[in-house]
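Q: okay, sequence plus prediction incoming.
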Amino acid sequence: MCQTVNNYPEFKYILENYKEICYNIENAKSKYRKSNEVINLMAVTKTVEPEKINFAISQGVSLLGENRVQEYLSKKEQYNKKAEVHFIGHLQTNKVKYIINDVKMIQSVDSLKLACEIDRLAKKNNKIMDILIEINIGNELSKSGISKDSLFDLVNKISELQNISICGLMAIPPIGSDEYVFEEMNELFLRIKEMPYKNISMNTLSMGMSGDYELAIKHGSNLVRIGTKLFGARKYLEV
């Protein structure tokens, strides 16, 4: 049954936030991008209750981003299956087996070891797993991702794996970053796109969050990951 605002008046703020985000995305697109380009909105679901997530899906959200394996496993059966799920958080190799058949894409691949485990389990499950390479574009010690200097070597090695398809890059620029950081990510994305690697289809630049998604769109992002701006301040769940 479709969840309407009348059914769930306490979620009205999610609908208003969603409308504002969609307007801002379209406005940024009209300023900086071609009219035929598609900018995808991902709802980041970390600590968000399934009821709120399903309400967002009923209003038009079609892509979810999960940060933690344990939390996702505790909530996934309650999700409306209309939405596609990507894994966007730091992923340990021993946790890949729990999500390999549930998520459409793993956006946070930052090592050959992790890529090899994804490839092994994808082969075991007779599938090709779409991934993004995560770059620590700000060289922050608190964040995952490879350095930009290691990117091309890692892409070259992962491209040899048969059950992985590299679909693009992902990054979390430091808070308050200047525009050149976003532009640097776009330049890396475009450089790899032009190279004749195997098993690569560079179609996704996942960059931009609640505080900087319009700036990210200006500099090439076609997938923005919005959590707080959509659902409000985080509440920590026991999982």
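A: Received, thanks. Fair warning: this is a prediction, and the values are worked out from it, not measured in the lab.

Q: from now on I want contacts and neighbour counts done on CA atoms only, so please keep to that.
A: Noted.

Q: going along the chain, name the helices of this structure.
A: All helices of the chain, identified by DSSP state H, fall at 12-32, 50-58, 69-75, 96-99, 112-124, 151-158, 179-193, 213-218, 228-231.

Q: buried deepest among the ones you listed, which one?
A: Ranked by average neighbour count under the criterion mean count of other Cα atoms under 10 Å, the helices of the chain are headed by helix 213-218 at a mean of 22.

Q: now it - C-alpha only, CSV.
A: Once non-C-alpha atoms are left out, helix 213-218 reads as follows in CSV (Å, rounded to 0.1, in the frame of the first residue of the first chain):
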residue,chain,number,x,y,z
TYR,A,213,25.8,18.1,-3.3
GLU,A,214,25.1,21.2,-5.5
LEU,A,215,28.9,21.9,-5.7
ALA,A,216,29.5,18.2,-6.5
ILE,A,217,27.0,18.4,-9.4
LYS,A,218,28.7,21.4,-10.7
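
Q: just how off-centre is it within its chain?
A: Here the centre of helix 213-218 is set off from its chain's centre by 15 Å, with Cα atoms, centre = their mean, to the nearest Å.

Q: dump the helices of the chain to JSON lines, plus mean pLDDT and distance to residue 169.
A: Shown next, in JSON lines, are the helices of the chain (pLDDT from 0 to 100; distance: least, Cα to Cα, whole Å):
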{"stretch": "helix 12-32", "mean pLDDT": "97", "distance to residue 169": "20"}
{"stretch": "helix 50-58", "mean pLDDT": "96", "distance to residue 169": "25"}
{"stretch": "helix 69-75", "mean pLDDT": "97", "distance to residue 169": "21"}
{"stretch": "helix 96-99", "mean pLDDT": "98", "distance to residue 169": "19"}
{"stretch": "helix 112-124", "mean pLDDT": "98", "distance to residue 169": "14"}
{"stretch": "helix 151-158", "mean pLDDT": "96", "distance to residue 169": "10"}
{"stretch": "helix 179-193", "mean pLDDT": "96", "distance to residue 169": "7"}
{"stretch": "helix 213-218", "mean pLDDT": "98", "distance to residue 169": "13"}
{"stretch": "helix 228-231", "mean pLDDT": "96", "distance to residue 169": "22"}
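
Q: kindly reformat those as CSV and extend each row with distance to residue 105.
A: Compiled in CSV, the helices of the chain are given as follows (distance: least, Cα to Cα, whole Å):
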stretch, distance to residue 105
helix 12-32, 23
helix 50-58, 18
helix 69-75, 14
helix 96-99, 10
helix 112-124, 11
helix 151-158, 15
helix 179-193, 18
helix 213-218, 21
helix 228-231, 22
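
Q: can you get me a residue count around the nearest residue to residue 113 once chain neighbours are set aside?
A: Leaving aside its sequence neighbours, residue 113 sits nearest to residue 93 (Cα to Cα, 6 or more residues apart in numbering; 7.6 Å). Applying other Cα atoms under 10 Å, we find 14 residues neighbouring residue 93.

Q: distance of residue 93 from residue 154?
A: In this view, residue 93 and residue 154 are 17 Å apart by Cα to Cα, to the nearest Å.

Q: with residue 81 instead?
A: Applying Cα to Cα, the value for residue 81 to residue 154 is 33 Å.

Q: which ones are touching the residue nearest to the spatial centre of the chain?
A: For the chain, the residue sitting closest to the mean C-alpha position, by Cα atoms, centre = their mean, is residue 88 at 5.1 Å. Each residue near residue 88 by Cα atoms under 8 Å, 6 or more residues apart in numbering is listed here: 65-67, 106-108.
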